[in-house]
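*Asks:* sequence? don't have it. structure:
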């Protein structure tokens, strides 16, 4: 499998969709952290934007759940330690 990369400036979703069209891409693969519908709508989701804008097929790959759970536990531990009295 051949993969290419390019550094772009501007609105990420728009630029990815535009580049896919220019390169006549067979498939666009984007990742997501799965931050949830509310946070994603407030922050804006690049992956959702690519899906909406692209005229090419798009596959959204989500982070494995076990890794997401580990990172959530680490964040929780950091918050708990940060709020503990000195």
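*Replies:* Nice, thanks for sending it over. For clarity, every value in this text was computed on a predicted model and none was experimentally measured.

*Asks:* pLDDT below threshold where in the protein?
*Replies:* Low-confidence segments of the chain, defined by pLDDT under 70, are located at 34-44, 83-86.

*Asks:* strands of that one, start to end?
*Replies:* 28-32, 58-62 (DSSP state E).

*Asks:* turn these into CSV, columns for distance to residue 7.
*Replies:* (Each C-beta comes from the backbone N, C-alpha and C, glycine too.) Putting these into CSV (distance: least, CB to CB, whole Å) gives the following:
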stretch, distance to residue 7
strand 28-32, 16
strand 58-62, 20
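
*Asks:* buried deepest among the ones you listed, which one?
*Replies:* strand 28-32 (a mean of 16; mean count of other CB atoms under 10 Å).

*Asks:* who does that strand touch, helix- and strand-wise?
*Replies:* helix 12-22, helix 46-53, strand 58-62 (3 or more CB pairs under 8 Å, 6 or more residues apart in numbering; DSSP states H and E).

*Asks:* related to what we said a few turns ago, which of the strands of the chain sits closest to residue 10?
*Replies:* Closest to residue 10 of the strands of the chain, according to CB to CB: strand 28-32, at 16.0 Å.
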